[in-house]
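> model this:
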Amino acid sequence: MSRAASTASLRNRLRRFRRSQRGSTAVEFALVAPVFFALLFAIVETALVFFASQVLETVTQESARQIMTGQAQAALLSQADFKTKVVCPPGSLASVLFGSTCTNLYIDVESYPAFTNVTINSQINAGSNFVPPTGYSLGTGGNIVVVRMFYQWPLFVTGFGYNISNLVGNQRLLVATAAFKNEPF
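Got it, this is the predicted structure:
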C-alpha cells in the first residue's frame, strides 16, 4: 500500500469518526454526571439536616412542656432520667434519628428569676469545637426557664465544595431552644 493511499484511508477514517454520533451521549453524560450527582447529594444532605433540626425542635418543645407544667420537678427527674424518659424514650422519633440512647444529644436547662437575667452562651468555642453544656436547673413555679438541646450532625457531602459545617470534623451543630415561664405549681 502506498503512502498516498494510507493517508487517504486515514482521512476517510477520521471523517467517519467525526460524523459518528454513537458515543456522544455517553461523553455528554460523563461530563454532566459529576456535577449532577454532587448537586443531588447536596440537596439530599441539606434536606436531612433540616429534617433533623425540625425533629430536635419538636423534641425540645415537647420536653420543655414537662418542665413548664412541673411534671419533671414532681417526678424528681435527674438530667440522665430526663434525657432517657422524657427526651429520648425507646421507640421515639428522637431515639430513631439520634441513636437509640441519644448519647450525642446534649441538654442544657437553666432557670432564672426574670427574663432580664437570661444569658445564652455559644456552645462553639473559637476553635470551632463543641463545648458540652453542664447546666440542669428545672426551676420552680414562676421561674423563667431556658431549655436548649444540641446534636452534632455528621456531614458527608462537604468534599464537593458544599460545606455547611460549623464544627471541626465535618459536623453541623443543631440547636433547639425553648424559653418560657414555669406555671405556678
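> list the helices and strands the helix with the most length in the chain packs on?
Determined from DSSP state H, the single longest helix within the chain is helix 24-68. Packed against helix 24-68 by the contact rule (3 or more C-beta pairs under 8 Å, 6 or more residues apart in numbering; DSSP states H and E) you find helix 93-98, strand 144-154, strand 171-181. For the C-beta atoms, the positions are set from N, CA and C on the backbone; glycine is no exception.
> Kindly calculate the angle that the helix or strand following the first one makes with strand 171-181.
Sequence-wise, the next helix or strand beyond helix 93-98 is strand 105-112, with elements assigned using DSSP states H and E. An angle of 30 degrees separates the directions of strand 105-112 and strand 171-181 when computed by axes from the mean of the first three to the mean of the last three C-alpha atoms, to 10 degrees.
> what packs against strand 105-112?
Secondary-structure packing of strand 105-112 (3+ C-beta pairs under 8 Å, 6+ apart): strand 144-154.
> Let me know the pLDDT of the residue nearest the centre of the chain.
Closest to where the C-alpha atoms of the chain average out (C-alpha atoms, centre = their mean) is Val49, at 3.6 Å. Looking at Val49, its pLDDT stands at 95.
> Burial check on Ile111, number of neighbours?
Not quite, residue 111 is Ser, not Ile. Ser111: 19 surrounding residues under other C-beta atoms under 10 Å.
> what's across from it in the sheet?
Taking DSSP bridges, one finds Val145 as the beta-bridge partners of Ser111.
> who touches the nearest residue to Cys102 once chain neighbours are set aside in this structure?
What sits nearest to Cys102 in space, not counting adjacent residues and going by C-beta to C-beta, 6 or more residues apart in numbering, is Cys88, at 3.7 Å. Residues near Cys88 by C-beta atoms under 8 Å, 6 or more residues apart in numbering: Val59, Ala94, Ser95, Phe98, Thr101, Cys102, Leu105.
> where does the chain dip in pLDDT?
Within the chain, the ranges that satisfy pLDDT under 70 run 1-5, 17, 20-21.
> give me that answer again for 80
For the chain, residues meeting the criterion pLDDT under 80 lie at 1-8, 10, 12-24, 158-161.
> what's the distance between Pro89 and Asp81?
Distance of Pro89 to Asp81, given as C-beta to C-beta, to the nearest Å: 11 Å.
> ditto for Ser9
Ser9 is 86 Å from Asp81, where distance means C-beta to C-beta.
> How about Ala47?
Going from Ala47 to Asp81 by C-beta to C-beta gives 33 Å.
> Would you mark the buried spots in stretch 93-112?
Buried residues in stretch 93-112, counted by 16 or more other C-beta atoms under 10 Å: 94-95, 97-98, 102, 105-112.
> do the same with stretch 149-158
For stretch 149-158, using 16+ other C-beta under 10 Å, the buried residues are Met149, Phe150, Tyr151, Gln152, Trp153, Leu155, Val157, Thr158.
> Kindly state the beta-bridge partners for the second one.
Judged by DSSP bridges, the bridge partners of Phe150 are Tyr106, Val175.
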